[in-house]
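Enquirer: Return a 3D structure for these sequence lines:
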Amino acid sequence: MNSHQIMRGNMLEALASPTAFSACMNLPSRPESVKAARDFVADQLACWGHSDLEYAATLVCSELVTNAVTHATPDLSTSECTVVLTLVPGEALITQVADPDPAPPVPKATLAGSLADHGRGLSIVTQLTAHWSASPRPDGKGKVISAYLLIAEQPACAARAGSTRPIARARTDRS
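Expert: You can find the predicted model right below:
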């Protein structure tokens with residue numbers, strides 16, 4: 001499947017795959033939850049034998065959880081986010097972050113080399129994933145951000161090095 005053909009339907013199909021593995025974690029909407037989410041992703045990928053996806057997946061999850069925490073409801077004692085990882089072997093890792101804020105994310109234009117403290121998260125997610133989207137939570141109480149990280153089987157650099165382990169592949173076609 002070419003990366004420019006990845007659409008929401010592909011993500012939904014992958015989530016329903018009988019070969020998919022999933023894991024989830026609920027986190028309070030507090031800044032320290034960002035590290036807990038990164039640790040959860042790294043540990044889960046290690047359990048699944050996909051530590052090769054750790055860099056991209058932890059960065060994507062970190063950015064999505066940071067957004068959820070940053071835009072959490074004022075009452076932090078009742079606000080939480082949920083991180084769901086779904087691995088479809090040989091195809092993709094889907095990272096989903098659900099939070100109670102119904103407002104869709106608004107990507108900001110960022111300049112190369114920008115030193116801004118905020119506003120680069122969704123740009124990073126866009127660069128590392130084949131597709132990401134926002135949709136209402138099934139219970140109607142907030143939204144779910146889903147990011148589809150392709151798994152490349154045998155990229156040229158790995159073949160030259162003699163490795164057969166898959167690695168994450170960033171989206172290359174922006175059309």
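Enquirer: what residue ranges in this protein score low on pLDDT?
Expert: 1-12, 73-78, 107-121, 153-175 (pLDDT under 70).
Enquirer: For this protein, which segments are assigned as helices?
Expert: For the chain, the helices defined by DSSP state H cover 8-15, 32-47, 54-70, 121-128, 156-161.
Enquirer: possible to save those as a markdown table with distance to P102 and mean neighbour count?
Expert: (Glycine included, C-beta is placed from N, CA and C.) Below are the helices of the chain laid out as a markdown table (distance: least, Cβ to Cβ, whole Å; neighbours: other Cβ atoms under 10 Å):
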| stretch | distance to P102 | mean neighbour count |
| --- | --- | --- |
| helix 8-15 | 18 | 15 |
| helix 32-47 | 20 | 17 |
| helix 54-70 | 12 | 22 |
| helix 121-128 | 17 | 18 |
| helix 156-161 | 42 | 10 |
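Enquirer: Quick one: closest of those helices to A92.
Expert: helix 8-15 (5.5 Å; Cβ to Cβ).
Enquirer: could you check the distance from A130 over to E32?
Expert: Distance from A130 to E32, counting by Cβ to Cβ, to the nearest Å: 30 Å.
Enquirer: A42 too?
Expert: A42 is 16 Å from E32, where distance means Cβ to Cβ.
Enquirer: same deal with C61?
Expert: 15 Å.
Enquirer: Likewise for V65?
Expert: To E32, V65 is 11 Å away according to Cβ to Cβ.
Enquirer: surely I94 meets L149?
Expert: Yes. If you go by Cβ atoms under 8 Å, I94 and L149 touch, sitting 7.3 Å apart.
Enquirer: Skip the chain neighbours and tell me the closest residue to S29.
Expert: Spatial nearest neighbour of S29, excluding adjacent residues (Cβ to Cβ, 6 or more residues apart in numbering): A72 at 3.5 Å.
Enquirer: wait, isn't the one you found in contact with V65?
Expert: No. With contact defined as Cβ under 8 Å, A72 does not count as touching V65 (10.5 Å).
Enquirer: intersection of neighbour lists for these two?
Expert: Residues touching both A72 and V65 by Cβ atoms under 8 Å, 6 or more residues apart in numbering: C81.
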